[in-house]
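> what follows is a predicted structure for the sequence shown.
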Amino acid sequence: MMGKPTMILAGVVGASLLCVGGWFVTGASGDNPWPDSGPVFGDGKDRYRSSTAADWVSNADHVVVATAVSEKEIPPSQGEIDRGEGLIGRSVEMRVDQVLWSREGAEHPAPQTYTRQSTGWVFDDEPANRHEYALHERPRIEPGHSYVIALHWEPARCSEGDEPDPAGWVGLGSGSTLPFDEGTLGKGEFEGTERPAPSPSAATRATTGDGTPVADLLTGQGADQIKELLATASPTSIPANSSASSSAGSSARTTSGSC
């Protein structure tokens, strides 16, 4: 059986996929660069620790239930078109349906709507020859589906000689966006595939400890259980930003929405 095809990306942080140094696909056969079925898969780097309830209350400003309502293509760069390979991104409009938890003293209230960048497609030779692209162990974020998302307000990042990255709402990382169709954790879109409702988890904090990912601890359960978990979770003293040391000195952040 052929394994999941994988795209190896350079320069990817979180789900931002607009500036990519190079890529290739494994698991394809013959002259066809795409897998026989399913998306091409890639890997991203988490901005923050993101799997456990302690990670969420340490690093997030809000935890929300949000539904993807629409999407727009983000065209590839001219350099990618000239090279004959690259990524076509998506801008996805999110509607916040419910706020499950908010950090005391959060600088910004939870949004009613926001826009996020998500994986789209990879192309070979020309943009019309494309194939769906997703990240390992993360939802692709597709219209019509709902998700539980731990959101963080990311200040604008300004680097000399580069276009500024505007401030906005972002997820923490691979463990902070979970399928939540019909109010059930684990039901819905994940890695570009729709998953049925799972059986409720038998795990409890008493038997698993705080180190168990939220996705495992509360699979098959609903909003009330998530609220209860987050209300009793304790923040950690571990530095929140897992990539801060690598980016220090190369850019500066501002607390405003622009540089």
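Done, it's in. Numbers count the residues shown, from 1 in each chain.

> only C-alpha atoms for contact and neighbour calcs from this point on.
OK.

> now the helices: where do they sit in the protein?
Taking DSSP state H, the helices of the chain run over residues 53-59, 78-83, 205-208, 214-217, 223-232, 244-247.

> what's the mean pLDDT across the fifth one?
When you say that, I think you mean helix 223-232. Throughout helix 223-232, pLDDT has a mean value of 96.

> hang on, the earlier thing: of the helices of the chain, flag the one that's most buried.
Mean neighbour count (mean count of other CA atoms under 10 Å) peaks for helix 53-59 among these, with a mean of 25.

> what helices and strands are in contact with it?
helix 223-232 (3 or more CA pairs under 8 Å, 6 or more residues apart in numbering; DSSP states H and E).

> please state the offset of the helix it packs on from the chain centre?
Remark: helix 223-232 is offset 21 Å from the chain centroid, using CA atoms, centre = their mean, to the nearest Å.

> pretty sure E93 is touching E71, no?
Yes - judged on CA atoms under 8 Å, E93 makes contact with E71 at a distance of 6.1 Å.

> hang on, the earlier thing: quick one: closest of the helices of the chain to L178.
helix 214-217 (7.0 Å; CA to CA).

> may I have that closest one exported as CSV, CA atoms only?
The C-alpha coordinates for helix 214-217 follow below in CSV (Å, rounded to 0.1, in the frame of the first residue of the first chain):
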residue,chain,number,x,y,z
VAL,A,214,-7.5,17.8,24.2
ALA,A,215,-8.2,15.9,21.0
ASP,A,216,-7.7,12.6,22.9
LEU,A,217,-9.2,13.6,26.2
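
> pLDDT of it, averaged?
Helix 214-217 shows a mean pLDDT of 94.

> so what's the gap between that helix and the chain middle?
Distance, centroid of helix 214-217 to centroid of chain: 16 Å (CA atoms, centre = their mean).

> go on, stretch 160-173?
That offset, for stretch 160-173, works out to 14 Å (CA atoms, centre = their mean).

> any buried residues in it, and which?
Under the neighbour-count criterion of 16 or more other CA atoms under 10 Å, stretch 160-173 has P164, D165, P166, A167, G168, W169, V170, G171, L172, G173 buried.

> try stretch 170-188
By 16+ other CA under 10 Å, the buried positions in stretch 170-188 come out as 170-181, 183-188.

> what about stretch 44-57, how long is it end to end?
This stretch, stretch 44-57, spans 22 Å end to end (CA to CA, to the nearest Å).

> residues near R195, how many?
Residues near R195, counting by other CA atoms under 10 Å, number 14.

> nope, T113 is what I was after
Using other CA under 10 Å, the number of residues around T113 comes to 14.

> pretty sure it sits against M94.
Yes - counting by CA under 8 Å, T113 does reach M94; the two are 5.5 Å apart.

> was I right about P198 contacting T219?
Yes - assessed by CA under 8 Å, P198 is found in contact with T219 at 6.7 Å.

> anything in contact with each of the two?
Listed contacts common to P198 and T219 are G186; contacts here mean CA atoms under 8 Å, 6 or more residues apart in numbering.

> who has more neighbours, those two?
Ranked by neighbour count (other CA under 10 Å), P198 and T219 place T219 first, with 23 against 14.

> name all residues that make contact with the more buried one.
Here T219 is in contact with T184, L185, G186, P198, S199, P200, S201 (criterion: CA under 8 Å, 6+ apart).

> can we see that at 10 Å?
178-180, 184-187, 197-203, 213 (CA atoms under 10 Å, 6 or more residues apart in numbering).

> now do the shared contacts for T113 and M94.
A66, T67, A68, V69.

> what pLDDT does T255 get?
On the pLDDT scale, T255 gets 45.

> picking up where we left off before, and which of the buried residues of stretch 160-173 is nearest Y147?
For the buried residues of stretch 160-173, the nearest to Y147 is G171 (11.4 Å; CA to CA).

> now the residue nearest to G183 when sequence neighbours are not counted, what are its backbone angles?
Spatial nearest neighbour of G183, excluding adjacent residues (CA to CA, 6 or more residues apart in numbering): G222 at 5.6 Å. For G222, the backbone dihedrals (degrees, to the nearest 10) come out as phi -120, psi -170.
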